[in-house]
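Asker: coordinates only, sequence not included:
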């Protein structure tokens, strides 16, 4: 009789542990799917931007004949970023793919900034209707990317927090749930405080 009670208690503990483990697993799957979906929203906006850039360069090409290096740098950076985005979109849980995308996006941002600075020196280009429209669309897309990136980072933070807290941390690694990478683009100009001079 005592053996049956002990076996019953052990069976009950095994069932409770199993339900607990299933709850943790399902919770992590739900959170991982949320941040994957959030990345898909970024991916949509990135593709839109990648589609706009060749049109922008083509419009600028007629005016910036002496700035061939700048135009080629933008196209090269765009192609690298598009390839990195495709790799990251295939598996947003891959930290290396996300870091590669962040690096490529930083390079593309720098190349686009140089193009915009150069285009400011050409009044005819600034006055071009197509250039103005493409620049406006690009700015709008950049804003959408920022909002999508914020939503993605919020989802990643929720997932990582759940993954790293007790008791989930005990089973997360065993179930294969790796930490997710935040999508942040290192731009030194964003980190430096603006210098104000009253002289």
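Answerer: Perfect, I can see it now. This is a predicted model, so every value here is computed, not measured.

Asker: quick one: residue 1 from residue 7, how far?
Answerer: 11 Å (CB to CB, to the nearest Å). In short, each C-beta sits where N, CA and C put it, glycine included.

Asker: and those two? which has more neighbours close in?
Answerer: residue 7 (10 against 5; other CB atoms under 10 Å).

Asker: and the gap between residue 178 and residue 98?
Answerer: For residue 178, the distance to residue 98 - CB to CB - is 11 Å.

Asker: For those two, indicate the residue with more neighbours.
Answerer: Neighbour totals were compared for residue 178 and residue 98, and residue 98 leads with 23 against 13 (other CB under 10 Å).

Asker: got a list of what that one touches?
Answerer: Residues counted as contacts of residue 98 (CB atoms under 8 Å, 6 or more residues apart in numbering) are 88, 92, 180, 181, 183.

Asker: Could you identify the pair within the residues you listed that is furthest apart?
Answerer: Pairwise distances across the contacts of residue 98 (CB to CB) peak at 11.6 Å, for the pair 88 and 180.

Asker: For whatever helix or strand residue 33 lives in, enumerate the helices and strands it packs against.
Answerer: Assigned by DSSP states H and E, residue 33 belongs to helix 2-61. Under the contact criterion of 3 or more CB pairs under 8 Å, 6 or more residues apart in numbering; DSSP states H and E, helix 2-61 touches helix 68-90, helix 95-120, helix 129-164, helix 168-172.
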